[in-house]
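>>> Okay, predicted coordinates and the sequence, questions at the end:
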Amino acid sequence: MKYLILLTLLFSLPAVSAESKIAYVDLQKAIQSTKEGKKARSQLEKEFKTKEKALKKREEGLKKMSDELQKKAALLSEDAKRKKQAEFQREMLDFRKKVAESQQEIAEKERKMTEPILRKMQNIIAKVAQKGGYSMVLEKREQNILWADKQVDITDKVIEAFED
């Protein structure tokens, strides 16, 4: 549906648009290639590793708990076995909740850290586009741009302008 609308718009533009210049920017690459982007990435990776280490430790504890439960299952009464299984399930649910919370925290932190970079990047893209005489700049994403000539990729120009 998106592509049909885009094609309709492209074919319905006046003849003047034949002179329009279109470019694209790999925004992800641009952000990650800047000093600010690298710094944000480094901070995120450090925090991710800290959270990952704590979660792995907790996961090992759960595995140990599961192994003990399996080993002692035959020796425990049904009531004791049910209690141990319920305790294990509570611990497992809590662990999954912690994993989800950690993922959300990292995603939120990434958004907060990249938001100012992205705003600055958008201004830079506008300046590079105006300087280059482009009437439109698209973001390169696999779902959006299936193919484009490398000559209309202004990512490196944007990175260079960002760093100046």
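Received, thanks. Residues are numbered from 1 along each chain as shown.
>>> From F48, how far off is K140?
From K140 across to F48, the span is 26 Å (C-beta to C-beta, to the nearest Å). Glycine gets a C-beta too; all of them are placed from N, C-alpha and C.
>>> same check, this time on N123
Per C-beta to C-beta, N123 is found 29 Å from F48.
>>> Of these two, which one has the most company?
Set N123 next to F48 and count neighbours by other C-beta atoms under 10 Å: F48 wins out with 16 against 11.
>>> which residue sits closest to that one, ignoring its sequence neighbours?
Leaving out its chain neighbours, the residue that sits closest to F48 by C-beta to C-beta, 6 or more residues apart in numbering is I106, at 5.7 Å.
>>> what's the answer for Q85, then?
L69 (6.8 Å).
>>> Check L44 too.
Using C-beta to C-beta, 6+ apart and skipping residues adjacent in sequence, the residue nearest L44 is E110, 5.6 Å away.
>>> Can you report how many residues neighbour the one you found?
Neighbour count for E110, taken as other C-beta under 10 Å: 16.
>>> What helices and strands are in contact with the helix or strand that it is a member of?
Per DSSP states H and E: E110 is located in helix 78-132. Applying 3 or more C-beta pairs under 8 Å, 6 or more residues apart in numbering; DSSP states H and E, one finds that helix 78-132 contacts strand 22-25, helix 27-33, helix 35-72, strand 136-139, helix 155-163.
>>> Pull out the buried residues from the third one.
For helix 35-72, a neighbour-count test (16 or more other C-beta atoms under 10 Å) marks E36, G37, A40, R41, L44, F48, K51 as buried.
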